[in-house]
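Enquirer: the following comprises the amino acid sequence and a computationally predicted model.
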Amino acid sequence: MPEPSTVLLTGAAGRIGTFLRERLPAYGHRLRLFDVRPVSGAPEAVTADLADEAALEAAVRGTDAVVHLAGIPVEAPFADILRVNIEGTYRLYEAVRRAGVRRVVLASSNHAVGFTPLPAPGEALVPVGTPHRPDTYYGLSKGFGEDLASLYWDRYGIETVSLRIGSCFPEPRSVRMLSLWLSPGDCARLVHAALTAEGVGHTVAYGSSANTRLRWDLSTARALGYEPRDDSEPYAAALLAAQGEEDPSDPAQACLGGEFCGDNPPRRTNSGQANSG
């Protein structure tokens with residue numbers, strides 16, 4: 001697809017949304033922002049909830065593509081996940097369909113396959129075709145998003161790249177993140193590739209940097225034109241000295257979902273919309 005001139009970025013006030021709104025314009029993308037929280041200083045910003053269908057349709061109208069990050073980024077009561085992540089993503093796709101937009105980049109997550117065991121060093125990387133094994137209601141919503149994207153490609157011809165984003169922070173925070181870390185710069189490179197690749201249909205791709213300790217297969221991301229430049233290895237010595245090696249008997253360390261697979265996954269208890277990360 002030709003490089004989009006206008007991209008709607010939902011969840012623009014969140015951590016990953018902030019990384020992208022600071023970096024995507026350098027690739028030639030003109031951003032229109034959407035978030036339940038105001039984004040100050042933005043020339044085109046819509047402050048609204050995903051439940052506001054009129055605001056969502058107005059935000060989508062006239063855009064060439066959508067990067068959909070908006071949603072609760074941790075575990076929450078099912079009613080909240082249903083309203084924001086599941087119903088909100090459905091409303092987004094319906095707005096996209098009605099507006100005639102042909103490309104979505106969807107923020108999925110490793111938590112859609114969270115209970116997948118991490119391969120040991122030397123074992124085969126986790127493939128993109130791994131069946132959904134959600135670790136939480138949050139992970140379940142990400143699997144739903146991927147399946148919804150598949151439906152809208154087959155039925156309506158709307159292309160989506162579903163990015164199973166790992167841990168996107170300025171630097172990795174744990175030993176586990178050494179394998180899943182996605183630097184902010186590589187995040188922008190990945191999203192740009194997903195926006196501009198030709199003939200993606202519905203593509204699922206893992207999202208991380210070119211980490212020495214990589215555990216999953218980046219081949220579909222690279223096929224989009226993604227060329228990661230960063231590696232978590234410079235942070236490894238300090239993290240290993242502080243935290244030690246991972247314990248393969250602990251589900252919170254032995255599975256792709258990390259602490260989301262444990263007894264107390266990161267969560268929120270209040271209602272409302274947060275932003276994907």
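Expert: Alright, I've got the coordinates.

Enquirer: check contacts around the residue nearest to residue 158 when sequence neighbours are not counted.
Expert: The shortest distance from residue 158 to any non-neighbouring residue, by CB to CB, 6 or more residues apart in numbering, is to residue 152 (4.5 Å). Where C-beta positions appear, they are placed from N, C-alpha and C, glycine not excepted. Counting by CB atoms under 8 Å, 6 or more residues apart in numbering, residue 152 touches 93, 96-97, 158, 160.

Enquirer: what distance do you get for residue 152 to residue 198?
Expert: From residue 152 across to residue 198, the span is 19 Å (CB to CB, to the nearest Å).

Enquirer: got it, and residue 137?
Expert: 35 Å.

Enquirer: swap in residue 213?
Expert: Distance, residue 213 to residue 198, using CB to CB: 32 Å.

Enquirer: which SSE is the spatially closest residue to residue 235 that is not a sequence neighbour in?
Expert: In space, and not counting its chain neighbours, residue 235 is closest to residue 172: 5.2 Å by CB to CB, 6+ apart. Using DSSP states H and E, residue 172 sits within no helix or strand.

Enquirer: list the buried residues for stretch 234-248?
Expert: 235-236, 239, 246 (16 or more other CB atoms under 10 Å).

Enquirer: cool, and stretch 250-261?
Expert: Buried residues in stretch 250-261, counting neighbours by 16+ other CB under 10 Å, are found at 251-261.

Enquirer: ok, now which ones touch residue 65?
Expert: Contacts for residue 65 (CB under 8 Å, 6+ apart) come out as 1, 4, 7-8, 101-105, 195.

Enquirer: distance from stretch 169-180 to the middle of the chain?
Expert: Chain-centre distance of stretch 169-180: 16 Å, with CA atoms, centre = their mean, to the nearest Å.

Enquirer: got the CA positions of that stretch in CSV?
Expert: Output in CSV follows, covering the C-alpha atoms of stretch 169-180 (Å, rounded to 0.1, in the frame of the first residue of the first chain):
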residue,chain,number,x,y,z
PHE,A,169,10.0,0.5,27.4
PRO,A,170,13.0,2.8,27.0
GLU,A,171,15.1,-0.1,28.4
PRO,A,172,14.3,-3.6,29.7
ARG,A,173,13.3,-3.7,33.3
SER,A,174,13.7,-7.4,34.1
VAL,A,175,15.6,-10.5,33.0
ARG,A,176,12.5,-11.8,31.2
MET,A,177,12.3,-8.6,29.2
LEU,A,178,15.7,-9.3,27.7
SER,A,179,14.0,-11.6,25.3
LEU,A,180,10.8,-9.6,24.6
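
Enquirer: now that stretch: mean pLDDT?
Expert: The pLDDT scores in stretch 169-180 average 96.

Enquirer: residues contacting it, please?
Expert: Contacts of stretch 169-180 (CB under 8 Å, 6+ apart): 15, 110, 118, 166-167, 181, 183-184, 208, 211-216, 232-233, 235-236, 239-240, 243-246, 253, 256, 258.

Enquirer: give me the subset of those lying in helices.
Expert: If you go by DSSP state H, the contacts of stretch 169-180 have 15, 184, 236, 239-240, 243, 253 in helices.

Enquirer: so can I have JSON lines of the residues you listed showing distance to residue 69 and pLDDT?
Expert: Below are the ones in helices among the contacts of stretch 169-180 laid out as JSON lines (distance: CB to CB, whole Å; pLDDT from 0 to 100):
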{"residue": "15", "distance to residue 69": "9", "pLDDT": "97"}
{"residue": "184", "distance to residue 69": "13", "pLDDT": "98"}
{"residue": "236", "distance to residue 69": "28", "pLDDT": "98"}
{"residue": "239", "distance to residue 69": "27", "pLDDT": "98"}
{"residue": "240", "distance to residue 69": "31", "pLDDT": "97"}
{"residue": "243", "distance to residue 69": "29", "pLDDT": "95"}
{"residue": "253", "distance to residue 69": "27", "pLDDT": "88"}
